[in-house]
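# here you go, sequence then predicted model.
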Amino acid sequence: MGLAGLLVLCGTWWPEEKALTSDIRLAIEMLAIVVWWIGAFILCFGGRVFRRCLFPMLFLLWLVPVPQFAVNRAIRALQKGTVTFTCDLFTAVGIPAAQNGARISIPGITVEVAEECSSVRSSTILVVTTMVLSYLLLRSLWGRTIVIFCALPLSIAKNGFRVFVLEGLAAQAFPEILDSPLHHRGGILFLALALGVILGLIWIVRRLERRTGATAGGQLLPLSTSAVS
C-alpha cells in the first residue's frame with residue numbers, strides 16, 4: 001500500500017514545468033487505487049490466498065485507463081499490421097496489392113485504413129475476453145499463455161480479413177458496400193469470428209491438457225474449486 005501512496009505523490013508533486021497531462025495523471029491515480037486494493041487484500045487474507053486469487057487481482061489493472069500516447073501507438077501498430085496482413089491476403093488469392101502507408105491499392109480501388117478503422121476497441125475486447133475464457137476453461141499456465149498470446153495477432157488478422165472482404169467486394173461488383181452497415185457497424189461479426197477461433201483453440205488446448213494431466217497451481221483442480229477455502 002506504500003506503493004499506492006508513492007504513485008499518488010508522483011501525480012500531485014510533479015514539477016509544474018513538467019506537468020503531467022490529465023490522462024497520465026488519471027492513469028497514475030487509478031493505478032494507485034488498484035495497488036491499494038491489492039495491498040489491502042493481502043493484508044486481510046494473506047499471501048497464500050492472494051496467490052490463489054492472482055488472476056482476478058491482476059485483472060483489476062484493466063481499470064487503469066491507458067494514456068492517450070499509448071493508445072495512439074497501439075492504433076498505429078494495428079493500422080500497420082492490418083495493412084500488411086490485408087496485402088498478404090490479396091497476394092495469396094492472386095490479386096496484386098500495394099501498400100502506401102495506411103493505404104491499400106488493388107486493381108480498381110484504393111482504400112485507407114483510418115484510425116477509427118484500426119479496431120483498437122474490438123481488439124481490446126478480444127484480448128480481455130480471451131483472458132477471462134482461458135482462466136475459466138483452462139487449467140495449465142502454458143495453455144492459458146498460448147491462448148492469450150494467440151489473441152494478439154488474431155486481433156490484427158480479424159481486422160485485416162474485414163478490410164480484405166470489404167475492399168474485395170467493392171472492387172469486384174459492390175462499391176456501395178464501403179458505405180453500408182457492414183462497413184460501419186459490421187465489426188461485431190468479425191469479432192464473433194475471432195472469438196470462435198479462440199474457442200476452437202481453447203478446445204484443442206483442453207484436450208492436450210487432459211492428455212498431459214495438466215495441473216493448476218501444482219494440483220489437478222476441478223473448475224468448480226473455490227479460490228478461497
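On my side now, so go ahead. Numbers count the residues shown, from 1 in each chain.

# a helix runs through Val111, doesn't it?
No - read with DSSP: H, G, I helix; E, B strand; the rest coil, Val111 is strand and lies in no helix.

# for stretch 94-112, buried residues please.
Neighbour-count burial for stretch 94-112 flags Ile95, Ala97, Ala102, Ile104, Ser105, Ile106, Val111 (criterion: 16 or more other C-beta atoms under 10 Å). C-beta here means a position set from N, CA and C on the backbone, and glycine is covered the same way.

# next: stretch 173-184.
Ile177, Leu182, His183.

# just stretch 62-73 next, same as before
The neighbour-count check on stretch 62-73 (16+ other C-beta under 10 Å) flags Val64, Pro67 as buried.

# how far does it sit from its chain's centre?
12 Å (C-alpha atoms, centre = their mean, to the nearest Å).

# now swap in stretch 44-53 and tell me
With C-alpha atoms, centre = their mean, you get 27 Å for stretch 44-53.

# same thing with stretch 84-104?
24 Å.

# show the end-to-end separation of that stretch, please.
9 Å (C-alpha to C-alpha, to the nearest Å).

# need the helix or strand of this structure with the lowest average pLDDT.
helix 2-12 (a mean of 53; mean pLDDT, DSSP states H and E).

# what comes up buried for the helix or strand just after that helix?
Using DSSP states H and E, the helix or strand that follows helix 2-12 in sequence is helix 22-52. Residues of helix 22-52 classed as buried by neighbour count (16+ other C-beta under 10 Å): 24-25, 27-32, 34-36, 38-39, 41-42, 50, 52.

# can you tell me which helices and strands helix 22-52 packs against?
Contact analysis of helix 22-52 by 3 or more C-beta pairs under 8 Å, 6 or more residues apart in numbering; DSSP states H and E lists helix 2-12, helix 54-59 as its packing neighbours.

# after the shortest one comes which helix or strand?
Toward the C-terminus, helix 54-59 is succeeded by helix 68-92 as the next helix or strand (DSSP H and E).

# by contact count, what packs against that following helix?
strand 98-100, strand 103-106, helix 120-137, helix 141-172.

# which one of the ones you listed lies nearest to Thr86?
helix 141-172 (4.5 Å; C-beta to C-beta).

# and the closest one, how far out from the chain's middle?
11 Å.

# list the buried residues of it.
Neighbour-count burial for helix 141-172 [16+ other C-beta under 10 Å]: 143-144, 146-148, 150-151, 154-171.

# cool, stretch 109-127 as well?
Using 16+ other C-beta under 10 Å as the test for burial, stretch 109-127 gives Val111, Val113, Cys117, Ser118, Ser119, Val120, Ser122, Ser123, Ile125, Leu126, Val127.

# and the last one, how far from Arg48?
Using C-beta to C-beta, to the nearest Å, one gets 29 Å for the distance from Val127 to Arg48.

# repeat that for the second one.
As defined by C-beta to C-beta, Val113 lies at a distance of 48 Å from Arg48.

# ok, now the third one?
Using C-beta to C-beta, one gets 47 Å for the distance from Cys117 to Arg48.

# now swap in Ile95 and tell me
58 Å.

# repeat for Ile204
In terms of C-beta to C-beta, Ile204 sits 33 Å off from Arg48.

# now His184
51 Å.

# go on, Ala74?
Applying C-beta to C-beta, the value for Ala74 to Arg48 is 36 Å.

# hmm, who's touching stretch 97-107?
By C-beta atoms under 8 Å, 6 or more residues apart in numbering, the residues outside stretch 97-107 that reach it are 79-80, 83-84, 86-87, 90-91, 95-96, 110-114, 163, 167-168, 171.
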